[in-house]
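Visitor: After the sequence you'll find the predicted model.
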Amino acid sequence: MSPSESPTAAHTFQVDLRGLVDLLSHHLYSSPRVYLRELLQNAVDAISARQALDPASPATITVVADGRLSVTDTGVGLTEADVHTFLATIGRSSKRDADGRLDGAGLASARGDFIGQFGIGLLACFVVADEITVVTRSAAAPDAPVIEWRGSSDGRYTITTLPSAAKPEPGTTVTLVPRADAAEWTAAGQVVELARHYGSLLRRQVTVVDGRGTATTVNVTAPWAAHHGSPLARRDALTAYCRSTFDFTPLDSIELDLPLVGLRGVAYVLPDAVPPSRRAGHRVHLKGMLVSDQADELLPDWAFFVRCVVDADSLRPTASREGLYADETLAAVRDALGARIRDWLTGLSASDPALLHRFISVHHLAVKSLARHDDELLKMLLPWLPFETTDGNVTLDEFARSHPVILVARTVEEFRQVAPIAGAAGLGVVNGGYTYDRDLVHRLPEIRPGSSVADLDPGTVTAHLDTVAPEAELAAAGFLAIAREVVGRFDCDVALRSFHPASAPALLLDNREARHERTRAQLADDADGLWADILGSLRAEVPRAQLVLNHLNPLVRRAASIGHRELVVTAVEALYGQAVLLTRRPLRASESALLNRSFISLLDHAMLGHEAIAPQITPQEES
Ligand SMILES: Nc1ncnc2c1ncn2[C@@H]1O[C@H](COP(=O)(O)OP(=O)(O)OP(=O)(O)O)[C@@H](O)[C@H]1O
């Protein structure tokens, strides 16, 4: 060994008990109220342990809130040795051994019944009290004396042997003297609330007794576990449970049952639309005890239209017991519950179309987001989903029946502008500007063979508008040539057509992608060096917009017959400018300039010849 090397010495971590107790009791949990959950849970586990030894043993939990707070159970109790080993050792639990398995107490069969496992739960009581007193008598060792343990938040504890009369029957009483600042959490009314909140589905009877001796039992039977006289009665009970638990009347109740993890419960379909980003806040009970009322990870994200309450045997809670541990079991449960909800949805079209309609009218956004990634669902539901079309709000199935070719507008603005004219010309256009809609409509031919879907492009619309008589076209040739010259600068073609409504002088057919392509081309022209090369190499053929002038419109007819070139230019600029405004897209600088120019110029023309009519305003009169 070289002089610089010293022999390895083993040390043990030093633990600052007060700091550790403070950390675990004050910082692990989100609210002081969890103290009652931990006490109830220990009581339930103690009863389970005793029942494993003697199934006929009593099984009651009594909470007394009379200024102090005590929880008494008829459970397995503790011997003095147990108290040292389990109760007074942080992180040690009688519910597992050092390897995470059950200890040697012969309670293997009961392990599955325990809710606790970490050996820290009792510390939650230090959030509301500085001292915890436990009086306990063991059921496993009938001759063992009654033990009183007093633990203090500074980490010290005492043990006293009490006379047998102090606790004639096996079981445990835990008593807290609440600190003044925590009294609100241990007041009788609050304790009843908390006991109901956490313990209503516990499988052991829990009774809260207040200072006047009034007893309230908090347990209810979960509607999925109860026996009901008829399917209708069962349905009513499920609905009533939703109202009392979540305060809404569901559109429907979907029963959940996954025997592999001992899970049962209900997914309630929300009666109102919610944004997909809103998390529903599912209630998860473990062996009856409420673990979380915000367990979003229980269902896939797409299922945001339901809110669940479940009770499971083998999901794992986190140490604070306020959430679920994200393990493979949870992932499998999530998938299985998702499949169950999807089955309900797909089954509805056969079993209850009226309900499906109601569901879709509320939650069509949810269904649309879901259907994009789920072929089966898409097949089942796409024909039922409403879309905004030139025939109004209709289902795609209905729309496809009257329109063998369905055109999809890419943006809401495009749809708004084109729909009335395309509709009047007999074209079937769907507004694809909303989230998911364009993707979904394009999948219609997979589901409805024979239907055909295409993106709306300027050429298609123009092709469907009535052409004008050759002589009219000829008469307007001069005008059209000037018009092409004027709007050609904006990568726009001009066509003369007849379309309704006659009050619309012009229609600008354009789409967002074409506009982007033109902007990019413009940038490439303006750029130099490296950027010009890069942008230039991306250049595709620049798509052109189309200004369709309406030959049915009196103004257009008059404009087409003017011989004055300058006025024709102004008229075309004004028609183009107005058509651009109607598309509701942002104006380019050159378009704003054009609008200004044409407005001033028209004003100028309008005032021509009127100078003599207006009275002369002399400088004197002005002042
Ligand atoms: N009412 C009770 N009756 C009998 N034993 C109890 C009771 N309360 C606590 N104990 C004993 O004290 C131990 C520690 O309890 P604690 O609540 O701190 O942890 P836990 O319940 O084992 O696990 P968790 O941290 O998950 O709650 C338990 O494992 C149990 O052996």
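Guide: Right, received. Where do you want to start?
Visitor: Give the burial count for the nearest residue in space to Lys95 that is not next to it in sequence, as a bare number.
Guide: Excluding the flanking residues, the one nearest Lys95 by Cβ to Cβ, 6 or more residues apart in numbering is Phe114, at 4.2 Å. Where you see a C-beta, it was placed from the backbone N, CA and C, and this is true even at glycine. As a burial measure, Phe114 scores 22 neighbours (other Cβ atoms under 10 Å).
Visitor: got it, and Thr8?
Guide: Neighbour tally, Thr8, other Cβ under 10 Å: 5.
Visitor: Where does it sit, in terms of helix or strand?
Guide: In the assignment (DSSP states H and E), Thr8 maps to no helix and no strand.
Visitor: what about it, distance to Asp236?
Guide: 71 Å (Cβ to Cβ, to the nearest Å).
Visitor: re earlier: ok, now which ones touch the residue nearest to Lys95?
Guide: Phe114 is in contact with Asp45, Ser48, Ala49, Lys95, counting by Cβ atoms under 8 Å, 6 or more residues apart in numbering.
Visitor: Residues touching stretch 413-423, excluding its own?
Guide: With Cβ under 8 Å, 6+ apart, stretch 413-423 has contacts from 388, 390-391, 407, 409, 429-433, 456, 461, 464-465, 499-501, 504, 507-512, 582-585.
Visitor: now do 7 Å
Guide: Residues outside stretch 413-423 that contact it (Cβ atoms under 7 Å, 6 or more residues apart in numbering) are 390, 409, 429, 431, 433, 456, 461, 499, 501, 504, 507, 509, 511, 582-585.
Visitor: Pull out the buried members of the residues you listed.
Guide: Among the contacts of stretch 413-423, those classed as buried by neighbour count (16 or more other Cβ atoms under 10 Å) are 390, 409, 429, 431, 433, 456, 461, 499, 504, 507, 509, 511, 583, 585.
Visitor: right, and the helix or strand after the lowest-mean-pLDDT helix or strand in the chain?
Guide: Here the helix or strand of the chain ranked lowest by mean pLDDT, DSSP states H and E is helix 108-111, holding a mean of 46. Later in the chain than helix 108-111, the nearest helix or strand by DSSP H and E is strand 129-137.
Visitor: which helices and strands sit right next to that next one?
Guide: Secondary-structure packing of strand 129-137 (3 or more Cβ pairs under 7 Å, 6 or more residues apart in numbering; DSSP states H and E): strand 146-152, strand 171-178.
Visitor: would JSON lines of those with mean neighbour count be doable?
Guide: Conversion of the helices and strands packed on strand 129-137 to JSON lines gives the following (neighbours: other Cβ atoms under 10 Å):
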{"stretch": "strand 146-152", "mean neighbour count": "20"}
{"stretch": "strand 171-178", "mean neighbour count": "22"}
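Visitor: Near the ligand, list only the ones from the contacts of Phe114.
Guide: Restricting these to those near the ligand by Cβ under 6 Å from any ligand atom leaves Asp45, Lys95.
Visitor: Of the contacts of Phe114 - the most surrounded one?
Guide: Asp45 (26 neighbours).
Visitor: ok so, going back, among the helices and strands packed on strand 129-137, which comes closest to the ligand?
Guide: strand 171-178 (3.8 Å; Cβ to the nearest ligand atom).
Visitor: Mind listing what's buried along the helix or strand that the closest one is followed by?
Guide: As assigned by DSSP H and E, the chain's next helix or strand after strand 171-178 is helix 183-186. Residues Trp185, Thr186 are the ones in helix 183-186 that count as buried (16+ other Cβ under 10 Å).
Visitor: Kindly report the same for stretch 37-52.
Guide: By neighbour count on 16+ other Cβ under 10 Å, the buried set for stretch 37-52 is 37-52.
Visitor: what's the farthest-apart pair in those residues?
Guide: Arg37 and Ala52 (22.5 Å; Cβ to Cβ).
Visitor: host element of Val548?
Guide: In this structure, Val548 sits in strand 545-550 according to DSSP H and E.
Visitor: so how far is that strand off the chain centroid?
Guide: 44 Å (Cα atoms, centre = their mean, to the nearest Å).
Visitor: what's the answer for stretch 42-59, then?
Guide: On Cα atoms, centre = their mean, the centre of stretch 42-59 falls 41 Å from that of its chain.
Visitor: Now it - C-alpha only, PDB.
Guide: Extracted in PDB, the C-alpha atoms of stretch 42-59 (Å, rounded to 0.1, in the frame of the first residue of the first chain):
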ATOM      1  CA  ASN A  42     -53.100   2.200   8.200                       C
ATOM      2  CA  ALA A  43     -56.300   1.300   9.900                       C
ATOM      3  CA  VAL A  44     -57.600  -0.500   6.800                       C
ATOM      4  CA  ASP A  45     -54.300  -2.400   6.400                       C
ATOM      5  CA  ALA A  46     -54.200  -3.400  10.000                       C
ATOM      6  CA  ILE A  47     -57.700  -4.800   9.600                       C
ATOM      7  CA  SER A  48     -56.700  -6.700   6.500                       C
ATOM      8  CA  ALA A  49     -53.700  -8.100   8.300                       C
ATOM      9  CA  ARG A  50     -56.000  -9.300  11.200                       C
ATOM     10  CA  GLN A  51     -58.500 -10.800   8.800                       C
ATOM     11  CA  ALA A  52     -55.800 -12.800   7.200                       C
ATOM     12  CA  LEU A  53     -55.300 -14.400  10.600                       C
ATOM     13  CA  ASP A  54     -58.900 -14.600  11.500                       C
ATOM     14  CA  PRO A  55     -61.500 -13.900   8.900                       C
ATOM     15  CA  ALA A  56     -64.300 -13.600  11.500                       C
ATOM     16  CA  SER A  57     -62.500 -10.700  13.300                       C
ATOM     17  CA  PRO A  58     -64.300  -7.400  13.600                       C
ATOM     18  CA  ALA A  59     -63.600  -4.800  10.900                       C
END
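Visitor: who touches that stretch?
Guide: Residues contacting stretch 42-59 (Cβ under 7 Å, 6+ apart): 61, 71, 73-76, 95, 107, 109-110, 113-116, 121-122, 139-140, 170, 172, 202, 204.
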